[in-house]
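Engineer: Give me a 3D structure for the following:
(2 chains)
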Amino acid sequence: QKEVEQNSGPLSVPEGAIASLNCTYSDRGSQSFFWYRQYSGKSPELIMFIYSNGDKEDGRFTAQLNKASQYVSLLIRDSQPSDSATYLCAVWSYQLIWGAGTKLIIKP
Amino acid sequence: SQTIHQWPATLVQPVGSPLSLECTVEGTSNPNLYWYRQAAGRGLQLLFYSVGIGQISSEVPQNLSASRPQDRQFILSSKKLLLSDSGFYLCAWSVLGTSNTEAFFGQGTRLTVV
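Structural biologist: You can find the predicted model right below:
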């Protein structure tokens, strides 16, 4: 069974600090990795995707992929209260496999 | 640009009643279409996916069914709802024929079975 694991949280981070969200996956053959943000009662929206080992930056967000260790992470710099949400990790392995999400709380 | 419409946004139904949720996609052809369910505080559970008209794959055996009568229309149905069918139902689409592709979601339907 292909699995994607995330710490459910909540992860509490002070405003302005760096939030670090982690995700591990079981299928070594996975090729694409996605981070979605989901506000309470809303549908998930794509933040970033990453295909290659290393870092990918987009504004305040950085995705990091380490295929050898089978983990992918999302860093949020200068965290804002509006970043408070649940962050879902998804891994493409012939279909999208979803983690259960990490709830992030940014404290003013 | 592509858009996905899902309705209704909220629904309260009695146990044993039928269900029909509809989803349509605009601005693209031959999409992959998906129905997910999300229980409170949980991740996304894939219920059905479709790669074409009339082609439905079921991931989880239950009292729900799906149909794709047109290329960009996906319907989730039940003949008799159970209490356990309550949840947040999400329709999504992705580009057909490519791997490594992200999914785009509709607004979701909050279903409460009472």
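Engineer: which element is the residue nearest in space to the middle of chain B on?
Structural biologist: The centroid of chain B falls nearest to B:Trp35 when counting by C-alpha atoms, centre = their mean (2.8 Å). Element membership for B:Trp35, per DSSP states H and E: strand B:32-38.
Engineer: Which of the residues in the lowest-mean-pLDDT helix or strand in chain A are classified as buried?
Structural biologist: Using mean pLDDT, DSSP states H and E, strand A:96-98 stands out as the lowest-scoring helix or strand of chain A, at a mean of 89. Buried residues in strand A:96-98, counted by 16 or more other C-beta atoms under 10 Å in any protein chain shown: A:Leu96, A:Ile97, A:Trp98. For glycine as for every other residue, the C-beta is placed from the backbone atoms N, C-alpha and C.
Engineer: near chain B, which residues of chain A show up?
Structural biologist: Neighbours of chain B within chain A, by C-beta under 8 Å from any C-beta of the partner chain: A:8, A:31-32, A:34, A:41-46, A:49, A:51, A:88, A:90, A:92, A:94-96, A:98-101.
Engineer: Selection in PyMOL covering whichever of those residues are buried, please.
Structural biologist: Buried members of the residues of chain A next to chain B, defined by 16+ other C-beta under 10 Å, are picked up in PyMOL with:
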select buried, chain A and resi 32+34+43+44+49+88+90+92+95+96+98+99+100+101
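Engineer: quick one, what contacts residue 107?
Structural biologist: Answering for chain A, as no chain was given. By C-beta atoms under 8 Å, 6 or more residues apart in numbering or on different chains, the contact list for A:Lys107 reads A:Ser12, A:Val13, A:Pro14, A:Glu15, A:Pro81.
Engineer: Oops, wrong one, chain B.
Structural biologist: Applying C-beta under 8 Å, 6+ apart, the residues contacting B:Gln107 are A:Lys42, A:Ser43, B:His5, B:Gln6, B:Ala9.
Engineer: Start and end of stretch A:86-97, how far apart?
Structural biologist: Across its full length, stretch A:86-97 reaches 16 Å between end residues, using C-alpha to C-alpha, to the nearest Å.
Engineer: And for stretch B:54-67?
Structural biologist: 7 Å.
Engineer: how about the nearest residue to A:Tyr39, chain neighbours excluded?
Structural biologist: Leaving aside its chain neighbours, A:Tyr39 sits nearest to A:Ala85 (4.9 Å; criterion: C-beta to C-beta, 6 or more residues apart in numbering or on different chains).
Engineer: close enough to count as contact, the one you found and A:Arg37?
Structural biologist: Yes. Under the contact definition of C-beta atoms under 8 Å, A:Ala85 touches A:Arg37, with a separation of 4.9 Å.
Engineer: Name the residues linked to the residue nearest to the centre of chain B by a beta bridge.
Structural biologist: Legend: beta-bridge partners of B:Trp35 under DSSP bridges are B:Phe48, B:Cys91.
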